[in-house]
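Participant: What follows is a predicted protein model with its sequence.
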Amino acid sequence: MVTWFAGLFYIPRLFIYHIEAWQKPSPDKEILSDQLKLMTKRLWYIITWPSAVLCTLTAIILLILMPGWLQQPWMHVKLAFVLLLFVYHGKCHQIFKQLQRDEVKYTSKFMRLWNEVATIILFAVVFLVVLKSAFNWIYGIVGMFALIILLMLGIRWYKKVRDRNPNA
């Protein structure tokens, strides 16, 4: 799970760099683009996809060994977040394929926001597993919104820093 999330955290970062490389003049654009294509391809196919498959297989085995978990409400919520994670992974794969074909359809600002989706899903899944039904769902929802607000404020703050110092 850790390596799967590591790949999902890093791939949008590489997407950001790839998108920003397209704004550079030649030959920088081509050199950076070729290197970033190679890096994303290796990350995606050597680390992220195998980790996703391995994580899924071990989760299925664990649910077979512990079928009672499927009767618990926290597991239903967790599996919904895991489904969202698969949707996120699929969308990242689509963006990966587009950038491999030199199709830049998103802005780096969008990618910075997109990068936080995996953080929110990880936060939700880990807290569900750790706390299960030991906390009030209202506190969980409030905590999720607090995390989202803090992430958005952090992104805005970082944008201001970057605007003042382009080398940051």
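Facilitator: Right, received. Where do you want to start? Numbering: from 1, shown residues only.
Participant: Can you tell me what sits against the helix or strand where Leu38 lies?
Facilitator: Secondary structure from DSSP states H and E places Leu38 in helix 28-42. Here helix 28-42 makes contact (C-beta atoms under 8 Å, 6 or more residues apart in numbering) with 11, 14-15, 17-18, 21-24, 96, 99-100, 102. In this view, the C-beta of every residue, glycine as well, is placed from N, C-alpha and C.
Participant: Would you mind giving those residues as CSV with secondary structure, neighbour count and distance to Arg156 added?
Facilitator: Formatted as CSV, those follow (DSSP: H, G, I helix; E, B strand; the rest coil; neighbours: other C-beta atoms under 10 Å; distance: C-beta to C-beta, whole Å):
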residue, secondary structure, neighbour count, distance to Arg156
Ile11, helix, 25, 23
Leu14, helix, 19, 22
Phe15, helix, 25, 20
Tyr17, helix, 17, 20
His18, helix, 24, 23
Ala21, helix, 20, 24
Trp22, coil, 15, 24
Gln23, coil, 10, 21
Lys24, coil, 13, 25
Phe96, helix, 22, 27
Leu99, helix, 23, 25
Gln100, helix, 14, 31
Asp102, coil, 11, 30
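Participant: which strands and helices sit next to the helix or strand just after the helix holding Leu38?
Facilitator: Next in sequence after helix 28-42, counting helices and strands by DSSP H and E, comes helix 49-65. Applying 3 or more C-beta pairs under 8 Å, 6 or more residues apart in numbering; DSSP states H and E, we find helix 49-65 packed against helix 2-21.
Participant: Can you mark which positions in the helix it packs on are buried?
Facilitator: By 16 or more other C-beta atoms under 10 Å, the buried positions in helix 2-21 come out as 4-5, 7-8, 10-12, 14-21.
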